[in-house]
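Chemist: please find the sequence and the predicted model below.
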Amino acid sequence: MNCIEKQTCERPAYPLAKHSIRRQLSFAVGAAALFLAPTSAHAAGTVAGTDIVNVAQATFDGPPGDPPVTIDSNIVTIKVDELLDVTVVSSDPGDVATSPGSTAQVTTYQVTNTGNGSEAFTLSADTAKPGDEFDTTFEQIILDTNGNGVYDPGVDTIYTPGTNDPVLAPDESITVFILSTIPASANDGDRAEIELAAVANTGSGTPGDIFAGQGDGGGDAVVGSTGANDEDSGFFVVQTAEITLVKSATIVDPFGGATAVPGSVIFYQLVATTTGTGNLANLAITDDIPADTTYNAETITLEGAPLSDSASDADAGSFDGSSIAVALGTVPGGQTRTITFQVTID
């Protein structure tokens, strides 16, 4: 007997039975579940638009000698609604070092669709957050086209709201860059906050708000725990360094005194002092040999250690016939370097 897709089933009388057997069953929707369609697990759960299908079954004994009878309930189908959720996280490991007047300075973010449906997101930048020491000038939002996580000028795509809003599948992320100009007035140690926000194009609001019929896959769209609107900030820190250079001279004359006569030796000392939180790159100190004096060969020192006059060897010193030079490389702020050399008055 076939009672499939009927909510009740009546068994007819059998000739050998002492009396007719009549049994009737009623089923509440969802009393037991038989899933006919597989689902996929994601961070936000089952993918929007998935049909959850279930059928209940009942089995009872037939007349003696007959096999058990099984009947199915009606099929109940529920379409999974879209959950609207997004997260924004700064990708910078710390404050991004910069300097006054710099352009195209980059802060980096990760935007992730934590909902369960494909969704487009509108992006916006705020470079005038209260509470920091200075505001940058917003230049552009850039989408990481090649997915390498690094801003590549001319390769990555300039973002225009409403034109190329990123469309992300469930659990998909995209790297986003904000480009800023640092004001020339920014001071050493000053910080600036740069915020990126993302909001679901379908809608946002209070968790649980419903946008009827607007969900991915044909169901409703429901605002998730993030409000379908999230933001996070990166920070710039200005790092500058300055240098002062002080030169002094000590004289030793041929008689053991300190007169400046022919034959007297002049001991020059150069003290370079850096200040600030930044670095001075490729710092080099040079000094011309004064007229009416002769450089005393191989007398250059750095921090008391002798340097050679040759420009072709590995150390930092050199003499080109008219001036001495010492290449100090990159020197952080807050340090000093002391150089000495000698000349003889002609």
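Modeler: Received the coordinates, thanks. Numbers count the residues shown, from 1 in each chain.
Chemist: how about the strands of the stretch 201-346 of the chain, start to end?
Modeler: Using DSSP state E, counting those that start in this stretch, the strands of the stretch 201-346 of the chain run over 210-211, 221-223, 229-238, 241-252, 265-276, 279-288, 293-295, 301-302, 305-306, 317-319, 323-332, 336-345.
Chemist: just the buried residues of the helix or strand where Ala197 lies, please?
Modeler: According to DSSP states H and E, Ala197 maps onto strand 191-200. Under the neighbour-count criterion of 16 or more other Cβ atoms under 10 Å, strand 191-200 has Ala192, Glu193, Ile194, Glu195, Leu196, Ala197, Ala198, Val199, Ala200 buried. In short, each C-beta sits where N, CA and C put it, glycine included.
Chemist: of all these, which comes closest to Val265?
Modeler: Of all the buried residues of strand 191-200, Ala192 has the smallest distance to Val265: 53.3 Å, by Cβ to Cβ.
Chemist: in space, what's closest to the closest one - neighbours in sequence excluded?
Modeler: Nearest residue to Ala192, sequence neighbours excluded (Cβ to Cβ, 6 or more residues apart in numbering): Phe236, at 4.5 Å.
Chemist: who's in contact with that neighbour?
Modeler: Asp95, Val96, Ala97, Thr98, Gln105, Thr107, Thr136, Ser180, Ile182, Arg191, Ala192, Ile194 (Cβ atoms under 8 Å, 6 or more residues apart in numbering).
Chemist: walk me through the domains of this structure.
Modeler: The chain is divided into the following domains under automatic domain parsing: 1-80, 84-238, 241-345.
Chemist: worst average pLDDT in the ones you listed?
Modeler: In terms of average pLDDT, domain 1-80 trails the rest of these, at a mean of 64.
Chemist: related to what we said a few turns ago, which stretch among the strands of the stretch 201-346 of the chain comes nearest Leu168?
Modeler: Leu168 lies closest, by Cβ to Cβ, to one member of the strands of the stretch 201-346 of the chain: strand 229-238, at 12.8 Å.
Chemist: paired strands for that closest one, with orientation please.
Modeler: According to DSSP bridges, strand 229-238 forms sheet pairs with strand 96-98 (parallel), strand 191-200 (antiparallel).
Chemist: surely Asn296 and Ile266 touch.
Modeler: No: Asn296 is beyond contact range of Ile266, at 9.3 Å (criterion: Cβ atoms under 8 Å).
Chemist: need the max-distance pair from the buried residues of strand 191-200.
Modeler: The span of these, defined through Cβ to Cβ, is set by Ala192 and Ala200 at 28.0 Å.
Chemist: show me what contacts Gly49?
Modeler: Going by Cβ under 8 Å, 6+ apart, Gly49 touches Lys79, Val80, Glu82, Gly117, Gly215, Asp216, Gly217, Gly218, Gly219.
Chemist: tally of neighbours for the second one?
Modeler: Spelled out, it's Val80. 21 (other Cβ atoms under 10 Å).
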